[in-house]
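>>> Let me see the structure of the following:
(2 chains)
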Protein chains: 2
Amino acid sequence: MAKRLGTRTIVFQNRPSIKGFAAVAGKKESQGPLAKYFDKTFEDTTLGQKTWERAEGLLQKEATLLSLKKAGLEIKDIDFIFAGDLLDQCISSMFGLKEMNVPFLGQFGACSTMAQTIILSSIMVESGIAKNAVAVTSSHFCSAERQYRFPLEYGGQRPPSAQWTVTGAGAIVIGESTKVLPYVEKAVVGKIVDLGVNDASNMGAVMAPAASESIKNFLIDTATTPEDYDLILTGDLGEIGSTLLIKLLEKESIKIKNKHKDCGLMIFQKDTQDVHSGGSGCGCSASTLCSIILQRVKNHELKNILFIATGALMSPTSFKQGETIPGIAHLVQIRS
Amino acid sequence: MAKRLGTRTIVFQNRPSIKGFAAVAGKKESQGPLAKYFDKTFEDTTLGQKTWERAEGLLQKEATLLSLKKAGLEIKDIDFIFAGDLLDQCISSMFGLKEMNVPFLGQFGACSTMAQTIILSSIMVESGIAKNAVAVTSSHFCSAERQYRFPLEYGGQRPPSAQWTVTGAGAIVIGESTKVLPYVEKAVVGKIVDLGVNDASNMGAVMAPAASESIKNFLIDTATTPEDYDLILTGDLGEIGSTLLIKLLEKESIKIKNKHKDCGLMIFQKDTQDVHSGGSGCGCSASTLCSIILQRVKNHELKNILFIATGALMSPTSFKQGETIPGIAHLVQIRS
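Numbers count the residues shown, from 1 in each chain, chains lettered A, B, ... in the order given. Here you go, the predicted model:
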């Protein structure tokens, strides 16, 4: 049975195991530094579908099926799917996974959703309710940019603080302990943090305070320091958000700089791929975690990592109404 | 520790208790049959806010605070909030609850969300991770109609199969067993069911097959019949959906007619309130469950009920793209 440590940290005592994981990505991502780590990439980002939303749904389906294959499991072995995406009403998750015929729980945490689905899948396994659960999220540049910012055809100029929504998906099968596989050890569910930012082209500034809050809380609860971890991986803060996070934590005397990496900075080549502040989207942290990172955890190159997926809580409507953009960050500790 | 019964049913063994519950509603709902059961109603459905989205967020906040008060608890006693609504990116939940400073997990299951939040809150308590969790959802006629169908000012004619989105919210505090309060005993997480309906003005037809699937599965898993329950309460099937559900289950030799009620048919007076097929929206099942129904369960007038919240999985974009509308239904058994 899970227990709580300190004020907020969930401790899994039954070692919910990462039985399989897979990442799929689009063309631009296949030209970036993580190309060789993805399980599958698509030159044609329509994936042969008639809408971007369907293409994104197919990314989730592909990632889920590949993660099952790598786990040596079939759909019928899965008790629950926790899935989410950035689109209105999580429509890509619904359409991508509807044929799987598996009990489904739709999640929305913006770009923090991958950590959210991992936490809830782990709880299902830890509590004995599920033998296996799938955590999956996606994003797609074309469906997201049109919905949140401008139609692609408009060719809007992007400010330097903007991030590039990743076309990709990541899926993890979490199941009963195997003792040999990577496992989820602890987690912190984030609080909504609103410092009044209202620039939809500066998500890093929105999310950094939320990431700082969750990391700080976890380190206090567990009486550990950044030096105790091989890697502190944030979701998609990008360049501006990463710099802010490091500064915010330094104010609290927490130095993460030499342990920190950000999925948004890993997935694209800054100098040549013209993505300004870095990658973003649920699919950014999902596809980075489920490729190079978990491969290295499985190989014991990384034995103890913190994954902090960060989300900016806005809708196209709230943005037009002049509302601020709150952030949220969920943290997961993964070990091998 | 929770266990599984049959293929899909979750059995809570630690009696996660309903420590407090509250329902708030708008003007039209305050003129309907459930008026005297609501904890608070608002004559002015703007709730004094500058946008409908903010008004809806305030409904969630009010319901949450009232449920806490009735539970004799404060915000600081709550470990997690599971919340969702119908709006893009669950924006009313985010904005309504952001100041609560409580770990937050956004849920999306369309109008099935109330049952989804109850299930996940119960799991958090059952597994020992939470002492108390809040399950809360809302809908607002003005924010939903504008987003999904037409701007209110357009005055679009509504077909007879259309349902009226309820302005309301319901919140439940679920906590460690008290032995005397109503408790959550079992649950079924729904699968996505898509029979090809694509009429956004006929949600009952979308959701009835999903409700039928979850109810049938639960009865098989538990080896019970409708006669074993005091009430089988569906979320918001309305008149058309309720008729369909009864027929679908009759085909399986399951007769629920004399045990069945639907929140969408309870919340408005059909003859005088001009709501066509009935009420709908996350707030419909939430405010009905959290008023008259749970009051009766607490008083032991109803001792053993099934609550099946039903959702239609569509987005304004998917609808315009000609996609079908899948349904989903999550089931919760509540006893006293």
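
>>> what about the strands in the stretch 101-250 of chain A?
For the stretch 101-250 of chain A, the strands defined by DSSP state E, counting those that start in this stretch cover A:104-106, A:132-139, A:164-165, A:168-175, A:183-188, A:231-234.

>>> Who are the contact partners of A:Lys261?
By Cβ atoms under 8 Å, 6 or more residues apart in numbering or on different chains, the contact list for A:Lys261 reads A:Leu231, A:Ile232, A:Leu233, A:Thr234. Placement of C-beta: from N, CA and C, glycine included.

>>> where does the stretch 201-336 of chain A come near chain B, residue by residue?
Neighbours of chain B within the stretch 201-336 of chain A, by Cβ under 8 Å from any Cβ of the partner chain: A:Leu313, A:Met314, A:Ser315, A:Pro316, A:Thr317, A:Ser318, A:Gln321, A:Glu323, A:Pro326, A:Ile328.

>>> Just the buried subset of the residues you listed, please.
Applying 16 or more other Cβ atoms under 10 Å in any protein chain shown to those, the neighbour count classes A:Leu313, A:Met314, A:Ser315, A:Pro316, A:Thr317, A:Ser318, A:Glu323, A:Pro326, A:Ile328 as buried.

>>> Now go through these and say which are in strands.
A:Ile328 (DSSP state E).

>>> quick one: which of the buried ones among the residues of the stretch 201-336 of chain A next to chain B sit in helices?
Residues of those located in helices (DSSP state H): A:Pro316, A:Thr317, A:Ser318.

>>> Is the last one in contact with B:Lys98, as I believe?
This points to A:Ser318. No - the pair A:Ser318 / B:Lys98 is not scored as a contact, 11.5 Å apart, by Cβ atoms under 8 Å.

>>> the helices in the stretch 151-300 of chain A, which residues?
A:203-222, A:238-251, A:263-266, A:270-273, A:282-288, A:294-298 (DSSP state H, counting those that start in this stretch).

>>> could the ones you listed go into TSV alongside mean pLDDT and mean neighbour count?
Below are the helices of the stretch 151-300 of chain A laid out as TSV (pLDDT from 0 to 100; neighbours: other Cβ atoms under 10 Å in any protein chain shown):
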stretch	mean pLDDT	mean neighbour count
helix A:203-222	96	25
helix A:238-251	97	20
helix A:263-266	97	28
helix A:270-273	88	12
helix A:282-288	97	38
helix A:294-298	98	19
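
>>> quick one: contacts for A:Thr51?
Applying Cβ under 8 Å, 6+ apart, we find A:Thr51 in contact with B:Gln321.

>>> typo on my end, A:Phe108
A:Phe108 sits next to A:Gly84, A:Cys90, B:Gly84, B:Gln89, B:Cys90, B:Gly106, B:Gln107, B:Phe108 when contact means Cβ under 8 Å, 6+ apart.

>>> ok, now with 6 Å
Contacts for A:Phe108 (Cβ atoms under 6 Å, 6 or more residues apart in numbering or on different chains) come out as A:Gly84, B:Cys90, B:Gly106, B:Phe108.

>>> now swap in A:Ala110 and tell me
The contact partners of A:Ala110, by Cβ under 6 Å, 6+ apart, come to A:Gly311, A:Ala312, A:Leu313.

>>> The second one and A:Ile325 touch, don't they?
Put plainly, it is A:Ala312. Yes - look at A:Ala312 against A:Ile325 with Cβ atoms under 6 Å: they come within range, at 5.3 Å.

>>> the more surrounded of those two?
Legend: neighbour count by other Cβ atoms under 10 Å in any protein chain shown for A:Ala312 and A:Ile325, higher for A:Ala312 (27 against 24).

>>> before we move on, the earlier item: which one of the contacts of A:Ala110 is nearest to B:Met203?
Proximity of the contacts of A:Ala110 to B:Met203 (Cβ to Cβ) peaks at A:Leu313, which lies at 26.9 Å.

>>> my guess is the closest one contacts B:Met94, does it?
Yes - counting by Cβ under 6 Å, B:Met94 is a contact partner of A:Leu313 at 4.5 Å.

>>> quick revisit: mind picking the lowest-pLDDT entry from the buried ones among the residues of the stretch 201-336 of chain A next to chain B?
pLDDT across these is lowest for A:Pro316, at 87.

>>> In contact with that one, which residues?
A:Pro316 makes contact with A:Tyr148, according to Cβ under 6 Å, 6+ apart.

>>> any idea how far A:Ser138 is from it?
Distance from A:Pro316 to A:Ser138, counting by Cβ to Cβ, to the nearest Å: 19 Å.

>>> Tell me how chain A divides into domains.
Domain assignment of chain A by automatic domain parsing yields the ranges A:3-175, A:183-335.

>>> The first one: how far from the chain's middle?
This means domain A:3-175. With Cα atoms, centre = their mean, to the nearest Å as the basis, domain A:3-175 stands 8 Å off its chain's centre.

>>> Please apply the same query to the shortest one.
What separates the centre of domain A:183-335 from the centre of its chain is 9 Å, taken as Cα atoms, centre = their mean.

>>> before we move on, the earlier item: any chance of the contacts of A:Ala110 in JSON lines, with distance to B:Gln333 too?
Output for the contacts of A:Ala110, formatted as JSON lines (distance: Cβ to Cβ, whole Å):
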{"residue": "A:Gly311", "distance to B:Gln333": "33"}
{"residue": "A:Ala312", "distance to B:Gln333": "38"}
{"residue": "A:Leu313", "distance to B:Gln333": "33"}
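
>>> ok, so of those residues, who is nearest B:Asp274?
Lowest distance from B:Asp274 to those (Cβ to Cβ) belongs to A:Leu313, with 36.1 Å.

>>> contacting residues around that closest one?
Applying Cβ under 6 Å, 6+ apart, the residues contacting A:Leu313 are A:Ala110, A:Pro326, B:Met94.

>>> related to what we said a few turns ago, of all the domains of chain A, which one is nearest B:Ser121?
Each of the domains of chain A was scored for nearness to B:Ser121 using Cβ to Cβ, and the closest is domain A:3-175 (11.6 Å).

>>> Go through the contacts of A:Ala110 and say which is closest to chain B.
A:Leu313 (4.5 Å; Cβ to the nearest Cβ).

>>> do you know how far the closest one is from B:Ser127?
Note on A:Leu313: its distance to B:Ser127, by Cβ to Cβ, is 26 Å.

>>> my guess is A:Ala133 contacts A:Ser122, does it?
No - in this structure, A:Ala133 is not within contact of A:Ser122 by Cβ under 6 Å, at 8.1 Å.

>>> okay, and the common contacts of the two?
A:Ile174.

>>> Looking at the two now, which is surrounded by more residues?
More neighbours surround A:Ser122 than the other of A:Ala133 and A:Ser122, with 31 against 27 (other Cβ under 10 Å).

>>> thought that one was touching A:Glu185?
No - under the criterion of Cβ under 6 Å, A:Ser122 is not in contact with A:Glu185, lying 9.3 Å apart.
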